[in-house]
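[1] Sequence first, predicted model second:
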Amino acid sequence: MRHWLIKSEPDVFGIGDLKRVGTEPWDGVRNYQARNFMRDDMKVGDLALFYHSNSTPPGVAGVARVASAAYPDPKAWDPKSKYYDEKASEENPRWFMVDFKFVGEFPDYVPLEALRADPKLEDLMILRKGSRLSITPVEAKHFNHICKLGGLGI
DNA sequence: GCCAACGTTGGC
DNA sequence: GCCAACGTTGGC
């Protein structure tokens, strides 16, 4: 099993929203690297850290599980959607997504500052300068360590 | 609101 | 294939 970190703005969709709805299609990803991770590498059952970006403070809020194989993102060919892409179509979808299922919310929110301060997380991808990728792979040891910081036993 | 860093687009 | 211009991300 692989581990991931997914970013979301809590003002738009946060861990509380995922808890409420249970399962959510992760649509709107419009970055090729992130798409490739979902389409080619994610497997049902993989676990992901749920990161709150653009929040005060930013940090990891909980855990989600990959709940579907990748499938085309229909918003890509919906002209009314803000995720519309004129080069995508049902025949040639271009953008893919998976569903995420709520696993748990951290009893102890882990702020970005705590991630940065932790020598064990030195090479975590999102801590690299200029890292903006919304979906990144995470090593199992890092995943487990962050869950521990969050007070969630998986 | 600022702005550094990055990805994408399109002219050439 | 280069690269300038542009748009976006996301911390601060």
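    Done, it's in.
[2] mind checking how far A:Val103 is from A:Leu47?
    With distances taken as Cβ to Cβ, to the nearest Å, A:Val103 is found 7 Å from A:Leu47. Quick note: C-beta positions are derived from backbone N, CA and C, even for glycine.
[3] Mind listing the shared neighbours of the two?
    Jointly contacting A:Val103 and A:Leu47 under the rule Cβ atoms under 8 Å, 6 or more residues apart in numbering are A:63-65, A:154.
[4] Run through the strands of chain A in chain order.
    Assigned by DSSP state E, the strands in chain A fall at A:3-8, A:23-25, A:47-52, A:59-66, A:71-72, A:96-97, A:99-111, A:135-138.
[5] Show me what the fifth one pairs with in its sheet, parallel or antiparallel.
    When pairing is defined by DSSP bridges, strand A:71-72 lines up against strand A:96-97 (antiparallel).
[6] so what's A:Val21 closest to, chain neighbours aside?
    A:Phe102 (7.8 Å; Cβ to Cβ, 6 or more residues apart in numbering).
[7] related to what we said a few turns ago, just flag the most distant two among the shared contacts of A:Val103 and A:Leu47.
    A:Ala64 and A:Ile154 (11.4 Å; Cβ to Cβ).
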